[in-house]
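Q: coords please:
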Amino acid sequence: MGTTQLESVQEPKYWHLKTVLSEALDSDFAVGEILPNERDLAARFGVARATLRQALEQLELEGRLQRRRGVGTTVAPPRVGVAVSTDQREWADGVGGEAWQPLDSTMAKAPAPVAEMLGTDPAEPVHVVRRIRDTQGQAVAAELLYVPASSIPDLSAIEAPSGPVRARSVLRELRRLGLQGQDRSVELGSARADDAKELDRLPGAPVLVVTTRYFTVDGTAAVSVATYRADTCRLTFGDSGALEISHDEQPERQAS
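A: Sure thing, here's the model as predicted:
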């Protein structure tokens, strides 16, 4: 990466710097290589460190860079493709292939917005299933699945009180409900401390939050809040309505 002073440009300086840095990543750096520190980069390009940080943050959001604890800023590998199926059977299995892997299940109060979606009292404990998803050996998403006790009244009290066994029991009962449909929203957010730890990100790193509400004939049966790494995942909606995560550069479309 040679020394380059930025010339006067019409576009924001950080955006022009992002373009220059992106070209340098393609020509001068390998995947996983650590970038020089901010002071050296700012001096090399003749910009303020605040401008440099804006450019680096944009490159991180676009999946070109990763910021890792105790390592620094590295060149990111290509974004991985992960299909997020609308098939309720795949959703409920929690085993095999690239499916969600259940980690734990406890009884706890749902956040107020989730309780409102579930139609439950905010003070009422619900089943909270925690799952993680690995793709190509990399954790790409973490999920909290909220299930009212009324949705699965047949869950045996003899089952394990917590842990993966309990989580699979909750998922098994959900699978028996015969879900009738779902709705889904996607928004850009910041990683909470727990999600950041599971996804090997820094707290506050950009993430994609996918909230899904599952219905039966009687109403809302469960709500899923899944957090995806924004640096490695791209959400797209196919013609079939299935939500996918891919590495292509097709324009994003909103859910119908």
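
Q: contacts and neighbour counts: CA atoms only from here.
A: Will do.

Q: Surely S190 and P203 touch.
A: Yes. At 7.4 Å, S190 counts as touching P203 under the criterion of Cα atoms under 8 Å.

Q: Please identify which of these two sits among more neighbours.
A: Neighbour count, other Cα atoms under 10 Å: between S190 and P203, S190 has more, with 18 against 15.

Q: so who does the more buried one touch?
A: S190 makes contact with P203, G204, A205, P206, V207, according to Cα atoms under 8 Å, 6 or more residues apart in numbering.

Q: Can you name the next helix or strand after the one helix or strand P164 maps to?
A: Using DSSP states H and E, P164 falls within helix 163-175. As assigned by DSSP H and E, the chain's next helix or strand after helix 163-175 is strand 181-190.

Q: That next one: which residues count as buried?
A: Q182, R184, V186, G189, S190 (16 or more other Cα atoms under 10 Å).

Q: can you check stretch 23-39 too?
A: Result for stretch 23-39 [16+ other Cα under 10 Å]: buried residues L25, I34, E38.

Q: picking up where we left off before, any idea which of the buried residues of strand 181-190 is closest to V147?
A: Taking Cα to Cα as the measure, V147 lies nearest Q182 of the buried residues of strand 181-190, at 14.3 Å.

Q: partners of that closest one in the sheet?
A: When bridges are called by DSSP bridges, Q182 pairs up with Y214.

Q: Let's check: the centremost residue of the chain is which one?
A: For the chain, the residue nearest the mean C-alpha position is Y228 (0.8 Å; Cα atoms, centre = their mean).

Q: per-residue confidence at the closest residue to that residue other than its chain neighbours?
A: Nearest residue to Y228, sequence neighbours excluded (Cα to Cα, 6 or more residues apart in numbering): A141, at 4.3 Å. Per-residue confidence (pLDDT) for A141: 89.

Q: Next, count neighbours for A141.
A: A141, neighbours per other Cα under 10 Å, totals 24.

Q: what helix or strand does it sit in?
A: Assigned by DSSP H and E, A141 falls in strand 138-147.

Q: and the next element down the chain from the strand or helix carrying R44?
A: If you go by DSSP H and E, R44 is part of helix 38-45. Next helix or strand after helix 38-45 toward the C-terminus (DSSP H and E): helix 49-61.

Q: Specify the angle between that next one and helix 38-45 in degrees.
A: 100 degrees (axes from the mean of the first three to the mean of the last three Cα atoms, to 10 degrees).

Q: Now for the spatially closest residue to T74 that is not a sequence neighbour: which residues touch it?
A: Once flanking residues are discounted, T74 sits nearest to I34: 4.3 Å by Cα to Cα, 6+ apart. Listed by Cα under 8 Å, 6+ apart, the contact set of I34 reads V71, G72, T73, T74, V75.
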